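Asks: sequence first, predicted model second:
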Amino acid sequence: MHTIQIRDARPSDREAIEAVTLLAYQEYSLLMPNHWDAYRESIVATLADVRPAQQIVAEQQDRIIATVLLYPVGLGVTAAAETPDTAPEVRLLAVHPEARGSGVGAALMNECIRRARQSGATALHLHTSDVMRAGIRLYERMGFHRAADLDFQLGPELRIKGYRLGLVGTSAGQVTKEG
């Protein structure tokens, strides 16, 4: 087994990050056909300029196999929700299909949790939808709980669901392997 290195993305990683992210999310094109084109465009636009997010990658044998964005308070998707953003937010966790089940998604999430705690945050937020079942299982194993106050509607048939992880006085979040 080859070691996975978690690190901040470099400008030279941009093309690989976009490729891994689009490959990882492509499976949803059939599950959300009415929203896929707009979602794909949103992913590409987000990745074109991730500032002020921290872009974190997982690399194995000099190849990016997963990526995630960690937004500071007030600058994530939560701004679209009815509740003001009060925590950093994880966005676009993407794991190359060949690397799924290896624990790399959990490793990236653990890094986001570590960085959020280090910043003094008391919680960490994320958004997902029902079609992203593997992600939801991972988030729930890590201690994230549904936070309906963070939900928002994207069209008449697509509800974006909020999740929250409390970071004060807990050891939540330390999952080592995806399952």
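Replies: In hand now; what should we look at? Numbering: from 1, shown residues only.
Asks: going forward, measure contacts between C-alpha atoms and count neighbours the same way
Replies: OK.
Asks: next, count neighbours for Gln153.
Replies: By the other Cα atoms under 10 Å criterion, the neighbourhood of Gln153 contains 12 residues.
Asks: measure it to Leu93 for me?
Replies: 21 Å (Cα to Cα, to the nearest Å).
Asks: surely Gln54 touches Leu69?
Replies: Yes. Using Cα atoms under 8 Å, Gln54 makes contact with Leu69 at a distance of 5.7 Å.
Asks: among those two, which residue is more densely surrounded?
Replies: Leu69 (26 against 17).
Asks: so what pLDDT did the more buried one get?
Replies: For Leu69, the pLDDT comes out at 97.
Asks: what's the helix or strand Lys161 falls within packed up against?
Replies: In the assignment (DSSP states H and E), Lys161 maps to strand 159-166. Under the contact criterion of 3 or more Cα pairs under 8 Å, 6 or more residues apart in numbering; DSSP states H and E, strand 159-166 touches strand 123-128, strand 145-146, strand 152-153.
Asks: can you give me how far it is from the chain middle?
Replies: Distance of strand 159-166 from the chain centroid (Cα atoms, centre = their mean, to the nearest Å) equals 11 Å.
Asks: please enumerate residues in contact with that strand?
Replies: The contact list for strand 159-166, computed with Cα atoms under 8 Å, 6 or more residues apart in numbering, reads 122-129, 143-154, 172.
Asks: in the protein, where's the longest helix?
Replies: Secondary structure of the chain per DSSP state H: the longest helix is helix 104-118.
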